[in-house]
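Chemist: Please work out how this folds:
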Amino acid sequence: MYRTLFTLVLSKLDPERAHHLAFLVIKALPALGIGRLVRRFTRPDPGLSVEALGLRFDSPFGVAAGFDKDGEGVIGLGQLGFGHVEVGTLTAVAQPGNEKPRLFRLIPDRAVINRMGFNNHGAQAASARLGRTAARTNRPVLGVNIGKSRVVAVEDATADYLASARALAPVADYLVVNVSSPNTPGLRGLQELDLLAPLLSAVKGVAGRVPLLVKIAPDLTDDQVQKIAELVVRLELDGIIATNTTISRDGLRTDPAVVAAAGAGGLSGAPLAERSLAALRLIRSHVPADLCVISVGGVETAADVQERLDAGATLVQGYTAFLYLGPLWARQINRGLARLR
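Modeler: Here you go, the predicted model:
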């Protein structure tokens, strides 16, 4: 039914508008009291639970950052079957993001190009909301992803990240430093070791006992990925998320004119699968077995998730396929994982 709805209706809507409409439904699940009934239908098999970061995840499969930017749909997403929800990216300074249109579907590739630009209402506003969410029972694990405010110069990035960390670490189950989005000028440069090491050390000091991870780009070379993995171990961080969106447009099936018209931005979805999996394997070969590695990029099916777990992922995240497969996607993944075990 959802595929028919997508083909006939949703694919004709502006992608950002379609996302907002779907998100209204997700937020309505707990508000209308029907989420508990939905949860009975979507609850993961108990055998899928994972212990990581000192936390218990009902399922290894969760929602990547970008879907719920301000942390408004955490409970509803949990009721749909996701084991964790990573909200954000949140910035210290509230910002509207880039000009619209800024989200584009590449349907033949089951992919999306976005240049959203960290649109969010700011860390302080999210902190109050997420504090209420964190106090609720029967919720998914709550990750919080933080990034650099656009108005802040790169040389002042550490202070900006620290402001977000101070506001959000107290309400997060785990915290993520995002230095890998292509849509904030200068952000990816923070992946250079001489900039990244002091940034992560400073945020770690503010995060305290809250697990801290860093999210990296798929466009790094293997040598860069290896060096960041070694840095994470040296700084005694809790994990790595691999990977964010890519600026590459190689191997796409979508009409090149359509791709060109979409313009700049990060590509996510099925075309990212190969590089994301390769980055996962590379990282796992250079970090201890107990370090949390979260794999994201190009995941669509339970078999895809299981492949990431078999390759050493502690947890797996998805986002883009949600737009193509609909609200029962997490249930499909969880049911498939249970059958594969």
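
Chemist: how about Val144, secondary structure?
Modeler: strand (DSSP: H, G, I helix; E, B strand; the rest coil).

Chemist: Find the residue at the geometric middle of the chain.
Modeler: Taking CA atoms, centre = their mean, the centroid of the chain lies closest to Ala64, which sits 2.2 Å from it.

Chemist: if I look at that residue, how far off is Ala128?
Modeler: Ala64 sits 24 Å away from Ala128, going by CB to CB, to the nearest Å. In this view, the C-beta of every residue, glycine as well, is placed from N, C-alpha and C.

Chemist: do Leu328 as well
Modeler: 31 Å.

Chemist: Which one's more surrounded, the two?
Modeler: The residue with more neighbours, out of Leu328 and Ala128, is Leu328; 16 against 10, by other CB atoms under 10 Å.

Chemist: Show me what stretch 90-103 is in contact with.
Modeler: Residues outside stretch 90-103 that contact it (CB atoms under 8 Å, 6 or more residues apart in numbering): 14-16, 19, 69-71, 112-123, 125-126, 144-152, 160-161, 163-164, 167-168, 183, 265.

Chemist: which residues touch the residue nearest to the centre of the chain?
Modeler: If a contact means CB under 8 Å, 6+ apart, then Ala64 has Glu86, Val296, Gln317, Gly318, Tyr319 as its contacts.

Chemist: State whether the third one is indeed within a helix.
Modeler: No - going by three-state DSSP, the assignment for Gln317 is strand, not a helix.

Chemist: surely it meets Gly298?
Modeler: No - using CB atoms under 8 Å as the test, Gln317 is too far from Gly298 to be in contact (11.1 Å).

Chemist: More neighbours: which of these two?
Modeler: For the pair Gln317 and Gly298, the greater number of neighbours falls to Gln317 (27 against 24), based on other CB under 10 Å.

Chemist: Let me see the contact set for that one.
Modeler: The neighbours of Gln317, taking CB under 8 Å, 6+ apart as the test, are Phe61, Gly62, Val63, Ala64, Glu86, Ile241, Ile294, Ser295, Val296, Val299.

Chemist: In terms of helices and strands, where is Arg331?
Modeler: helix 329-340 (DSSP states H and E).

Chemist: If you count residues, where's the longest helix of the chain?
Modeler: With DSSP state H applied, the helix covering the greatest number of residues in the chain is identified as helix 15-31.

Chemist: Please list the outside residues in contact with that helix.
Modeler: For helix 15-31, the external contacting residues (CB under 8 Å, 6+ apart) are 10, 13, 34-35, 38, 68, 72-73, 75-77, 79-80, 100-105, 112, 323, 327.

Chemist: Tell me which of these fall in helices.
Modeler: Among the contacts of helix 15-31, the members falling in helices (DSSP H) are Gly35, Val38, Ile75, Gly76, Leu77, Gln79, Leu323.

Chemist: And the residues you listed, which is closest to Val232?
Modeler: Comparing the ones in helices among the contacts of helix 15-31 against Val232 with CB to CB picks out Leu77 as the nearest, at 27.2 Å.

Chemist: before we move on, the earlier item: nearest to Asp223, of the ones in helices among the contacts of helix 15-31?
Modeler: Leu323 (33.6 Å).

Chemist: and the closest one, how many neighbours does it have?
Modeler: The tally of other residues near Leu323 (other CB under 10 Å) stands at 24.
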